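Chemist: Give the three-dimensional model of this entry:
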Amino acid sequence: MLLTIDVGNTNTVLGVFRGQELIANWRLTTAREQTVDEYGVLTRNLFTLAGLDRNDITGVIISSVVPPVNWTLGEMSRVYLGKKALFVEMGVKTGMAVLVDNPAEVGADRIVNGVAAFHLYGGPCIVVDFGTAITFDAISVKGEYLGGVIAPGLGIAAEALFARAAKLPRVEIKDPGKVIGTNTVAHMQAGLYYGAVDMVDGMLARMKKELGQAAKVVATGGQARLVAKGSKYIEHTDEFLTLTGLRLIWERNQPAERGKSAT
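Modeler: Here you go, the predicted structure:
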């Protein structure tokens with residue numbers, strides 16, 4: 001079995017694959033201060049609750065945009081699982097050329113998403129990832145990473161309104177059903193939701209014009225399904241796109257005789 005870990009600024013997502021099948025997954029808060037032992041005990045408990053034996057883990061692969069936790073997770077893998085974790089970083093075989101000014105500055109998760117999207121849907125394609133930031137990534141017809149866009153995420157926007165405007169409350173991010181609200185909560189929800197939908201569609205329209213209208217669009221991340229409901233351009237939503245990309249990259253970095261097996 002293969003353990004895949006995607007560390008984002010807000011959430012960390014773990015998944016366990018048996019071959020190509022995702023058999024368990026968990027979404028946790030990214031905790032920069034957690035120790036090796038705390039992560040180890042947490043992982044052990046998650047495995048126990050899912051009826052999995054950690055001794056069956058044959059590999060660990062990690063993509064991370066939070067450098068302070070990298071050593072901790074690497075040590076957790078070594079101490080608690082007996083495996084050296086493979087981090088998605090420069091030098092790792094992804095099968096995707098990165099055609100930007102400085103490939104090292106592109107977040108690992110964005111490359112991983114691109115690998116999965118191209119594998120599943122072909123190119124050209126655009127990946128929209130709804131995380132702490134909303135990222136847009138363009139993949140060519142040849143499977144090359146061309147670049148993208150970074151915009152503030154819905155959570156950041158909602159927190160900014162609450163923190164900077166004394167009379168505005170925290171609100172649930174949801175579709176209020178109509179644009180013109182009749183109370184403060186509905187006003188904020190309309191601004192957050194429809195503002196995000198229109199920003200995403202506006203950005204996708206511009207990107208499709210540059211890439212070609214045939215570019216497929218796949219969304220992933222926390223608010224992917226919510227925004228996709230109102231979007232004109234999002235064709236696919238895939239909650240586990242990043243985990244699939246990690247599995248593919250793991251396979252591409254194994255010796256030929258082992259490349260297809262993570263059982």
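
Chemist: Give the buried residues for stretch 243-255.
Modeler: 243-251, 253 (16 or more other C-beta atoms under 10 Å). Heads up, the C-betas are built off the backbone N, CA and C, glycines and all.

Chemist: Does Tyr194 touch Gly230 like I think?
Modeler: Yes - using C-beta atoms under 8 Å, Tyr194 and Gly230 qualify as a contacting pair, with a distance of 7.2 Å.

Chemist: quick one: Thr220 and Gly114 touch, right?
Modeler: No - look at Thr220 against Gly114 with C-beta under 8 Å: they stay out of range, at 11.2 Å.

Chemist: Compare these two (neighbour count), which wins?
Modeler: Counted by other C-beta atoms under 10 Å, Thr220 and Gly114 do not tie: Gly114 has more neighbours, with 29 against 26.

Chemist: where's the more buried one, which helix or strand?
Modeler: Assigned by DSSP states H and E, Gly114 falls within helix 108-121.

Chemist: How about residues contacting that helix?
Modeler: Here helix 108-121 makes contact (C-beta atoms under 8 Å, 6 or more residues apart in numbering) with 6, 8, 63-65, 87-89, 94-96, 98, 125, 127, 129, 131, 135, 137, 139, 143, 145, 148, 216, 218, 220, 236, 238, 241-242, 244-246, 248-249.

Chemist: In helices, which of those residues appear?
Modeler: Residues of the contacts of helix 108-121 located in helices (DSSP state H): 241-242, 244-246, 248-249.

Chemist: want to throw those residues into a markdown table with distance to Leu154 and pLDDT?
Modeler: Output for the ones in helices among the contacts of helix 108-121, formatted as a markdown table (distance: C-beta to C-beta, whole Å; pLDDT from 0 to 100):
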| residue | distance to Leu154 | pLDDT |
| --- | --- | --- |
| Leu241 | 18 | 96 |
| Thr242 | 18 | 96 |
| Thr244 | 24 | 97 |
| Gly245 | 23 | 97 |
| Leu246 | 25 | 97 |
| Leu248 | 28 | 97 |
| Ile249 | 28 | 97 |
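
Chemist: what's the neighbour count on the nearest residue to Phe87 once chain neighbours are set aside?
Modeler: Nearest residue to Phe87, sequence neighbours excluded (C-beta to C-beta, 6 or more residues apart in numbering): Ile62, at 5.2 Å. Ile62 has 24 neighbours, counted by other C-beta under 10 Å.

Chemist: show me what contacts Ile62?
Modeler: 4-7, 70, 73-74, 77, 85-88, 246.

Chemist: elements contacting the lowest-mean-pLDDT helix or strand in the chain?
Modeler: Every helix and strand of the chain was ranked by mean pLDDT, DSSP states H and E. The lowest is helix 154-164, at a mean of 91. Using 3 or more C-beta pairs under 8 Å, 6 or more residues apart in numbering; DSSP states H and E, the elements in contact with helix 154-164 are helix 184-211.

Chemist: so is the residue of the chain most remote from its centre in a helix, a strand, or just coil?
Modeler: For the chain, the residue at maximal distance from the C-alpha centroid (C-alpha atoms, centre = their mean) is Thr182, at 35.2 Å. Here Thr182 is recorded as coil under DSSP: H, G, I helix; E, B strand; the rest coil.

Chemist: ok, now which ones touch it?
Modeler: Thr182 neighbours (C-beta under 8 Å, 6+ apart): none.

Chemist: Pull up the gap between it and Pro176, please.
Modeler: Counting by C-beta to C-beta, to the nearest Å, the gap from Thr182 to Pro176 is 10 Å.

Chemist: try Val66
Modeler: Between Val66 and Pro176 the computed distance is 33 Å (C-beta to C-beta).
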